[in-house]
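> Sequence and predicted model, in that order:
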Amino acid sequence: MFYVTVILALLALLLVIYVRQMVKRNKVIRRELQLINEQNTLMPQPVAQAMRMVEQEFYSSEYYRSLRQRIESGEPMQAAEWSAVEQHLKPVYPNFISRLYNLHNLSTHEYQVCLLLKLNIPPTQIANVLCKEVSSISSTRSRLYGKVFGKKGSSKDWDAFIATL
């Protein structure tokens with residue numbers, strides 16, 4: 001009976017520690033989301049215009065056109081290609097990757113989905129490039145929304161959020 005009591009006490013202690021960690025993590029995520037929202041709404045007009053111009057230049061660049069052609073072909077991307085995507089994305093969205101990782105510890109698959117969403121790649125093409133089913137990509141997106149926001153959301157909700165980062 002003594003051992004059962006000790007084991008139950010340890011389990012209860014572990015549960016309390018886990019809950020405290022989750023509450024702490026949720027506070028950090030809420031602060032990060034609030035910061036993102038404030039930065040998006042309080043951005044001076046000239047800065048917002050300059051950022052839109054950088055985006056337009058990127059989306060009309062030869063690199064982006066060739067990347068889209070590569071993705072549309074449906075061939076899986078190699079590690080070097082993922083690194084190139086990151087390097088080309090950083091000047092356009094300098095805080096995107098760090099904000100993403102501040103919100104959630106992403107797996108490689110989740111990270112790649114988010115990168116491609118930020119590049120306006122449709123889910124069907126994301127599925128082809130990552131050699132997954134479209135339903136897998138959809139569930140990844142909705143699952144990420146749930147993990148970050150702590151409530152059920154659709155894959156389109158996640159897409160809209162990624163667009164704001």
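Received, thanks.
> Just want the most central residue of this structure.
Against the mean C-alpha coordinate of the chain, by Cα atoms, centre = their mean, the closest residue is residue 114 at 4.4 Å.
> for the one helix or strand that residue maps to, packing partners?
According to DSSP states H and E, residue 114 maps onto helix 108-118. Of the remaining helices and strands, those touching helix 108-118 by 3 or more Cβ pairs under 8 Å, 6 or more residues apart in numbering; DSSP states H and E are helix 79-92, helix 96-103, helix 123-129, helix 134-149, helix 155-164. Placement of C-beta: from N, CA and C, glycine included.
> So if we follow the domain assignment, how does this protein break up?
1-42, 45-164 (automatic domain parsing).
> Deepest-packed of those domains, please.
Each of those was scored by mean neighbour count; the highest is domain 45-164, a mean of 15, by mean count of other Cβ atoms under 10 Å.
> coming back round to it: rank the domains of the chain by pLDDT, which is bottom?
Among those, domain 1-42 carries the lowest mean pLDDT, a mean of 81.
> now that domain, how far from the centre of its chain.
The chain centre lies 21 Å from the centre of domain 1-42; the measure is Cα atoms, centre = their mean, to the nearest Å.
> and what of stretch 79-91?
The answer for stretch 79-91 is 15 Å, by Cα atoms, centre = their mean.
> C-alpha coordinates for that stretch, PDB please?
Written as PDB, here are the backbone C-alpha positions of stretch 79-91 (Å, rounded to 0.1, in the frame of the first residue of the first chain):
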ATOM      1  CA  ALA A  79      18.400  19.500 -48.800                       C
ATOM      2  CA  ALA A  80      20.400  22.000 -50.700                       C
ATOM      3  CA  GLU A  81      17.200  23.300 -52.300                       C
ATOM      4  CA  TRP A  82      15.600  23.800 -48.900                       C
ATOM      5  CA  SER A  83      18.600  25.800 -47.800                       C
ATOM      6  CA  ALA A  84      18.300  27.900 -50.900                       C
ATOM      7  CA  VAL A  85      14.600  28.500 -50.200                       C
ATOM      8  CA  GLU A  86      15.500  29.700 -46.700                       C
ATOM      9  CA  GLN A  87      18.200  32.000 -47.900                       C
ATOM     10  CA  HIS A  88      16.000  33.600 -50.500                       C
ATOM     11  CA  LEU A  89      13.100  33.900 -48.100                       C
ATOM     12  CA  LYS A  90      15.100  35.600 -45.300                       C
ATOM     13  CA  PRO A  91      15.600  39.000 -47.000                       C
END
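> Fine by me, we can end here.
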